[in-house]
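Trainee: Sequence and predicted structure are below.
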Amino acid sequence: MILRYLMRKGHLNALVDVGCLIAFIPSAISGLELYFVLPPGGGRWSGWILFLGIPRNQWMAIHNYAGLAFIVFLLLHLILF
């Protein structure tokens with residue numbers, strides 16, 4: 001039953017679109033946070049400045065991995081289009 005649902009191109013494309021949205025949200029939030037709250041610059045320990053208990057280095061990792069996931073889902077979306 002689930003395979004029959006997934007085999008429909010429109011439904012699969014909708015699932016890929018949901019994946020795009022789920023990957024885009026943390027990328028956008030972390031990007032805005034890195035730009036406005038934890039901008040790059042100055043000092044030896046600047047990568048360890050905290051926001052919401054998370055250091056800037058981990059915010060960068062979240063942003064990078066979410067961006068890569070978004071790219072993968074976007075490519076899948078274009079292939080299915």
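Mentor: Noted; the coordinates are in hand.
Trainee: if I look at residue 16, how far off is residue 71?
Mentor: 12 Å (C-beta to C-beta, to the nearest Å). All C-beta atoms are positioned from the backbone trio N, CA, C, and that covers glycine.
Trainee: Tell me the pLDDT of residue 46.
Mentor: pLDDT recorded at residue 46 is 64.
Trainee: ditto for residue 29
Mentor: pLDDT for residue 29: 95.
Trainee: Tell me how many other residues surround it.
Mentor: 14 (other C-beta atoms under 10 Å).
Trainee: so it is in which element?
Mentor: helix 9-36 (DSSP states H and E).
Trainee: buried ones in that helix?
Mentor: Buried residues in helix 9-36, counting neighbours by 16 or more other C-beta atoms under 10 Å, are found at 16, 19, 20, 23, 24, 26, 27, 30, 33, 34.
Trainee: So which of those is the closest to residue 77?
Mentor: Each of those was scored against residue 77 by C-beta to C-beta, and residue 16 proved nearest at 5.0 Å.
Trainee: Isn't residue 24 up against residue 70?
Mentor: Yes: if you go by C-beta atoms under 8 Å, residue 24 and residue 70 touch, sitting 5.2 Å apart.
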